[in-house]
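Asker: Need a 3D model of the sequence below.
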Amino acid sequence: MQELKARRDFVKMVAGGSLKCMLAWNLLGKTPRAGASSAGPSKARDEFFQPVVERWGIQEISLTTVKTYSNPFTDVRVSCQFKCGSTQVTSEGFYDGGNSWKVRLMPPVEGQWTFETSSEDGELNGKRGVFRCSSPASNNHGPVAVRNQYHLAYADGTAYYGLGTTLYNWVHREERLQQETLAQLKNSPFNKVRFCIFPKWYSFNHVEPPLFPYRKTDGGKFDLERFDPEYFRHIEQRLRDLDALGIQADLILFHPYDHWGFATMDAAHDDAYLRYLVSRLAAFRNVWWTMANEWDFFTPTKNWDPIFQTVQRLDPYNHLRGIHNGDIWYDHGKPWVTHCEIQLQGGDTYATAVGARTEYGKPVCVEEYGYEGNNTNQWGDLSANEEVERHWGIAMAGAYGSHGETYVQPGDILWWAVGGKLVGESPPRLAFLKQLMSEAPYEQMEPLAGIIKPGTALGKKGAYYLFRFASLEWEEEIEIDLEGQQPYEVDLIDPWLMKVYRLGQTFAGKQSFFLHLAPSLLRLKCTTPSAAASNPSSIAQLLQRWEANSDPRIAGLRPVRRSFTHTFHWRCCTDERSHATSVMITSEQALAFATPT
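Answerer: Just a heads-up that it's a prediction; the model follows:
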């Protein structure tokens, strides 16, 4: 329907007379055929660009020439200048095999656009056209960018709470496995995937890929002067597949785990690769650029500053740019870095993320903090509980994290390496975390020191608080200090059982209480007094009622068999006065109580 409307608009534009018709044909870079009608656009117009493209979609200008070149990747260049009102975008073109060159645009504004190509080749030069950029579809929110200094959002203003996962080599395996991975992603909570452009040769993935980025010579060596367009078309199809699922593609441009020679290319070949890659992929709205996976592990080392600067210069849309470390952090304060990417193995994820946030003043993405799995490596041997707890530490720091799973499957099929199926227990619990953070005013919240002891706090002062208790000693008193005059609605949250318990209303100011559930969270939202809570209770009173199950909103306790690696404490009711006693339950005897069903 949109295309039909565009054709009708074009008819109206040229229907004013033969002079207007001739001007329109000239804009298209064409001469009217004998007998051509002014009643609509020519077929030639449809062949090399689209009459209508949605905002943040892709306009692709397809060009051909009869000239032949010794090396079409290096012997000729094409670019195109696009204009819409005061908005101008210049895009570099790329050779796509045969006698075909293409230039792409992701139109950032709606309206009528014009374009004109430039090239040393006369048949690729001076091609002109007019097209309309329509409003985006309901599932198209544009690219993700930095907003409010520490956070991320879509271009249309929609909030984006990033929950990533790692699939380093998934696009370089057999198609059947890739389709299985996409099906699994469709039913997962993840809205970002980290993966490599170059194939990877590493533990659990010693498999030759079906395609390579470069063509081979007759002697079987890679010709680093000639790309294989089919390889990059395959990457593009995966980008479209991910976008259809609402998933961002965090593209890792270089990595050191290679046995084909791609990691040791010289600076000139690195630059040619970046030019070709960015010209092809920058128009995809779901792209992020990660310069390297473990940048400090390259031998010989690369000069990463010029690599960042090249990507920044070639990308007209300013997609997110970061770099992933091994042992040594890159200087994320440099102006071409949009966000901090961090690997942290062990240690306190909360303290580390807060420190990075404070030092660099940018969004923090802890892209690797260990993986849930059993591959016997320290970084790939976390329990689901450890994975979830580390991610909660990141979230409470006002930062973002990426999951990974390393359970060894038959054929060495590990999610982290090549995709397949998720089998771990952390994804649904990370989905619960994502839901809670998406419901919160996350962009307006910040880590807060000094208002709670023990525990950590993330909040919008006087309006919304999350208090997290990773661990608590039995009968350890908690102290908080809430700003404001209005009461707060209090929820108790069990992040493992994925339960939210509504406790009631409490008052602002200083309070102290005991809590016998850890890990756990308290969520406090500023509200207006309700008739049912004209006299808000202290948090201590709310918790006592919940533990005694005296609140009519609690449907009743049910036993749930759980395993613990530590002694479990439970406060139980022994008489009508809710006198509390301690019950210690070992790993084999654990019987926890959860509500409601």
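
Asker: For burial, what's the neighbour tally of residue 326?
Answerer: For residue 326, the neighbour count with other CB atoms under 10 Å is 16. In short, each C-beta sits where N, CA and C put it, glycine included.

Asker: Pretty sure it sits in a helix.
Answerer: No: looking at residue 326 with DSSP: H, G, I helix; E, B strand; the rest coil, it is coil, so not inside a helix.

Asker: And residue 225, how far from residue 94?
Answerer: According to CB to CB, to the nearest Å, residue 225 and residue 94 sit 15 Å apart.

Asker: is the residue most central in space within the chain in a bridge, and if so with what?
Answerer: Taking CA atoms, centre = their mean, the centroid of the chain lies closest to residue 192, which sits 3.2 Å from it. Note on residue 192: beta-bridge partners by DSSP bridges are residue 164, residue 248.

Asker: so what's it up against?
Answerer: Contacts for residue 192 (CB atoms under 8 Å, 6 or more residues apart in numbering) come out as 162, 163, 164, 165, 247, 248, 249, 250, 288, 402.

Asker: quick revisit: more crowded one of residue 225 and residue 94?
Answerer: The neighbour comparison of residue 225 against residue 94 (other CB under 10 Å) goes to residue 94, with 24 against 12.

Asker: so which helix or strand takes in the closest residue in space to the more buried one that isn't next to it in sequence?
Answerer: Closest residue in space to residue 94, ignoring its immediate chain neighbours: residue 279 at 4.4 Å, by CB to CB, 6 or more residues apart in numbering. Element membership for residue 279, per DSSP states H and E: helix 267-281.

Asker: Report the buried residues of that helix.
Answerer: Buried residues in helix 267-281, defined by neighbour count with 16 or more other CB atoms under 10 Å: 270, 272, 273, 274, 275, 276, 277, 278, 279, 280, 281.

Asker: Could you measure from the residue nearest to the centre of the chain over to residue 423?
Answerer: Noted for residue 192: a distance of 21 Å to residue 423, by CB to CB.

Asker: Same check on residue 313?
Answerer: As for residue 313, its distance to residue 423 is 43 Å (criterion: CB to CB).

Asker: swap in residue 62?
Answerer: Distance of residue 62 to residue 423, given as CB to CB: 44 Å.

Asker: quick one: which helix or strand includes the residue nearest to residue 234 when sequence neighbours are not counted?
Answerer: Leaving out its chain neighbours, the residue that sits closest to residue 234 by CB to CB, 6+ apart is residue 211, at 6.0 Å. Assigned by DSSP H and E, residue 211 belongs to no helix or strand.

Asker: Could you give the number of residues near residue 211?
Answerer: Number of residues near residue 211 (other CB under 10 Å) recorded here: 14.

Asker: so where do the strands sit in the stretch 401-550 of the chain?
Answerer: If DSSP state E, counting those that start in this stretch is used as the criterion, the strands of the stretch 401-550 of the chain fall at 405-406, 446-448, 452-453, 456-460, 464-469, 478-482, 488-494, 499-506, 509-513, 520-526.

Asker: Residue 522: how many residues sit nearby?
Answerer: Neighbours around residue 522, by other CB under 10 Å: 26.

Asker: Once you drop chain neighbours, what's closest to it?
Answerer: Spatial nearest neighbour of residue 522, excluding adjacent residues (CB to CB, 6+ apart): residue 467 at 4.5 Å.

Asker: So residue 86 versus residue 213, what's the distance?
Answerer: According to CB to CB, residue 86 stands 38 Å off from residue 213.

Asker: Compare the two and say which is more crowded by neighbours.
Answerer: For the pair residue 86 and residue 213, the greater number of neighbours falls to residue 213 (21 against 6), based on other CB under 10 Å.

Asker: Fine by me, thanks again.
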